[in-house]
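Novice: Just need the structure, nothing else, for what follows:
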Amino acid sequence: MNSLATTYRTLIADDEQPARDRLRKLLSEYPDKIELIGEAQNGIECLEMISHLKPDLLFLDIQMPGLNGFEVLQQADHSPIVIFCTAFDEFALKAFETNSIDYIVKPVKEERIQKSIEKLDTLKVNSDKEGLLRIIDNYLGQTPKKEITSIPVKLGDRMLFVRIEDILYFSAEDKYVTIYNKEGKTYLCNLPLKSLEEKLGDKFLRIHRSLLINLSRIKEIDKHFGSRFIIKMDDAGQTKLTSGRNYYEQIKEIMEI
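Specialist: Numbering: from 1, shown residues only. I've put the predicted structure just below:
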């Protein structure tokens with residue numbers, strides 16, 4: 001294996017502790033290549049750790065609670081190099097439509113990890129780590145991310161996916177974000193409001209530091225005192241939301257008021 005100066009900040013995501021332990025042990029044989037920065041036990045935790053830690057490399061299981069490996073990659077706001085580690089081989093074709101450079105079927109063996117590390121070596125074009133990762137991003141990022149159609153929420157031991165089109169707005173309070181849907185139901189969301197705003201793009205509008213609303217669910221907008229607006233939504237209860245002063249000009253511009 002060729003010498004490579006780059007050390008990859010690496011995240012492991014697998015819902016099985018023995019699998020994480022095995023992979024951690026195998027990767028420890030490559031201290032000059034791999035810097036382990038975290039381990040995720042499910043898809044939602046993996047998504048959050050990708051956002052916060054910005055890993056260079058991700059060893060990713062496919063079938064995990066919360067979000068599967070593909071859903072994690074679709075919703076992530078950062079694109080690490082991906083090596084899939086899974087007990088099933090039927091996902092291989094779909095896996096290579098993502099930012100993956102390898103696909104390992106469990107149980108993971110020492111010689112298989114070595115081949116994956118060698119594949120990382122072939123991506124090395126110079127000693128500049130940032131340049132390397134930029135080239136990889138450009139090469140592997142040709143397939144656009146799929147549009148987000150739902151938000152995962154945990155209900156006890158099961159996971160529910162709330163459709164974007166059914167969401168009226170998101171409300172943040174302390175460390176929690178609540179989803180309000182058109183039927184008056186509420187759900188706790190694990191994603192921060194800033195992350196939701198970035199992922200949902202121009203379909204939603206930030207009208208207050210704690211409110212993110214669905215543009216397609218606005219029924220009426222009225223000017224309010226103090227450079228604010230009263231926004232009436234189109235749900236059965238005709239929910240009224242008050243915008244923040246700091247968002248006045250932004251709302252005027254987007255809504256062409």
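
Novice: Show me the shaky parts of this protein.
Specialist: Along the chain, the model assigns pLDDT under 70 to residues 1-5, 89-99, 123-147, 156-159.

Novice: Domain-wise, how is it divided?
Specialist: Domain segmentation of the chain under automatic domain parsing yields 8-140, 150-255.

Novice: export those to TSV and tack on mean neighbour count?
Specialist: Bear in mind the C-beta positions are built from the backbone N, C-alpha and C, glycine included. Output for those, formatted as TSV (neighbours: other CB atoms under 10 Å):
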stretch	mean neighbour count
domain 8-140	18
domain 150-255	15
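
Novice: list the contacts for the closest residue to Ser227 other than its chain neighbours?
Specialist: Nearest-residue entry for Ser227: Tyr248, 4.2 Å, with adjacent residues in sequence omitted and distances by CB to CB, 6 or more residues apart in numbering. Tyr248 makes contact with Ser227, Arg228, Phe229, according to CB atoms under 8 Å, 6 or more residues apart in numbering.

Novice: Nearest to Leu212, out of the residues you listed: which one, please.
Specialist: Nearest to Leu212 out of these is Phe229 (CB to CB; 14.8 Å).

Novice: For Leu215, see how far away the closest one is.
Specialist: 13 Å (CB to CB, to the nearest Å).

Novice: measure the residue nearest the centre of the chain to Leu47 for me?
Specialist: Nearest to the geometric centre of the chain sits Ala76, at 2.5 Å (CA atoms, centre = their mean). For Ala76, the distance to Leu47 equals 6 Å [CB to CB].
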